[in-house]
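**Q** sequence and predicted structure, then a few things I'm wondering about:
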Amino acid sequence: MPAILLEGRPIAEKIKSQLKEEVMGIKSRFNTAPTLATIQVGENSSAAIYLKSQKKFAKDIDIGFQEHPLPASTSEKELIDYIEKLNSEKSITGILLQLPLPNQINAKDMPIHINPLKDVEGMHPENVGQAIFGKMRIGSCTALAVMELIKSTGVDLYGKEAVIVGHSEIVGKPVSLLLLDKFATTTTCHIATGQRGYLPTHVKRAEILVVAVGRPGIIQGEWVKEGAVVIDVGINRVGEKIVGDVEFEKAAQRASYITPVPGGVGPLTVTMLMRNTVEAFKLQRGR
Ligand code: NAP
């Protein structure tokens, strides 16, 4: 039976109107709105597209949005000083460091410098630690987007076999943690799993399959278990087309639910960023 298409946009629209209402309430209570400051070091065309959609979303829900472009030659020390300056500005309630960063800056070393209460991407070690203790305050936007999509299926995760392919800090690891927190039995696959040829073995028993690798068609359609929920996070340009990591047509014949690429996880990622921005404001104001 062909799978039900799990589209991100309808869920995103629903959350957007909830956020809009919440922001209205915040404004009347505190006489101010959450304000997100984004730092972009140098120029990047894909970051520019992401920035444009963030700006539009912020306008739609009526929160503040500030752009802080820095030159491509910015050193790590200069960036840290800049982040600390934004940390100390009370009117700025969320800070987002746009990726990619130039080579002289180690992106993985930056989240620790953002005030954890303003860390709208949930990458500060303190926020990651909260997630480990099942007390997540602000989490990875993409991981939260994945969880919203799974939640929309109504599938009970308790005791389910969940397989996550990819173990990046931004997607694979936080998704694994969030699924574990729901009592799914999680297996996280990575480069070594692929190299040892075990990827099909794990994928074939996944009732929940989340793929975040960045390689088109790495997950063959026939590996997908009948009735599985398939969340494809991958974004790959193949010629003129954008495709995911899963062989969509074949997988859709076996899965119960499957995300399209584009149109699945993507539209929800910015939504989760904005939800985190509102959460960050509430945390700073003691709720
Ligand atoms: P990443 O940091 O490059 O991580 C890719 C992961 O895949 C790594 O953990 C890597 O393992 C693993 N991997 C590589 N080859 C493998 C193989 N043969 N078998 C199993 N695992 C393998 O990328 P990312 O930031 O997590 O992003 C992953 C994909 O999601 C990309 O296409 C990205 O564009 C997309 N993405 C989409 C959104 C969205 O909003 N839709 C958001 C974020 C990312 P090792 O580290 O061990 O090599």
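**A** Noted; the coordinates are in hand. Residues are numbered from 1 along each chain as shown.

**Q** which residues does whichever residue of the chain sits closest to the ligand contact?
**A** In the chain, the residue that lies nearest the ligand is residue 194 (2.6 Å; Cβ to the nearest ligand atom). Just so you know, the C-beta spots here come from the backbone N, C-alpha and C atoms, and that holds for glycine as well. When contacts are counted by Cβ atoms under 8 Å, 6 or more residues apart in numbering, residue 194 touches residue 218.

**Q** show me what the nearest residue to residue 4 once chain neighbours are set aside is bridged to.
**A** Of all residues not flanking residue 4 in the chain, residue 257 sits nearest, at 5.0 Å (Cβ to Cβ, 6 or more residues apart in numbering). Beta-bridge partners recorded for residue 257 (DSSP bridges): residue 4, residue 229.

**Q** who touches residue 257 in this structure?
**A** With Cβ under 8 Å, 6+ apart, residue 257 has these contacts: 3, 4, 5, 6, 153, 155, 229, 230.

**Q** residues near residue 62, how many?
**A** Residue 62: 14 surrounding residues under other Cβ atoms under 10 Å.

**Q** you'd agree residue 260 is up against residue 5?
**A** Yes: shown here, residue 260 and residue 5 form a contact pair, counting by Cβ atoms under 8 Å, at 5.8 Å.

**Q** so those two - more neighbours on which side?
**A** Legend: neighbour count by other Cβ under 10 Å for residue 260 and residue 5, higher for residue 260 (17 against 12).

**Q** SS state for that one?
**A** Three-state call for residue 260 (DSSP: H, G, I helix; E, B strand; the rest coil): coil.

**Q** what residues does the stretch 1-150 of the chain put near the ligand?
**A** Residues of the stretch 1-150 of the chain lying close to the ligand by Cβ under 6 Å from any ligand atom are residue 142.

**Q** so which residues of the stretch 1-150 of the chain form helices?
**A** 8-30, 45-61, 76-87, 125-132, 141-153 (DSSP state H, counting those that start in this stretch).

**Q** just the buried residues of the third one, please?
**A** Applying a neighbour-count criterion of 16 or more other Cβ atoms under 10 Å, one finds 79, 80, 82, 83, 86, 87 buried in helix 76-87.

**Q** on that earlier part again, max pairwise distance over the contacts of residue 257: which two?
**A** 5 and 155 (15.3 Å; Cβ to Cβ).

**Q** which of the contacts of residue 257 lies closest to residue 15?
**A** Residue 15 has its nearest neighbour among the contacts of residue 257 in residue 6, at 14.8 Å by Cβ to Cβ.

**Q** that closest one is in contact with residue 151, isn't it?
**A** No: contact criterion Cβ under 8 Å: residue 6 and residue 151 do not qualify, at 10.7 Å.

**Q** which one's more surrounded, the two?
**A** residue 6 (25 against 12).
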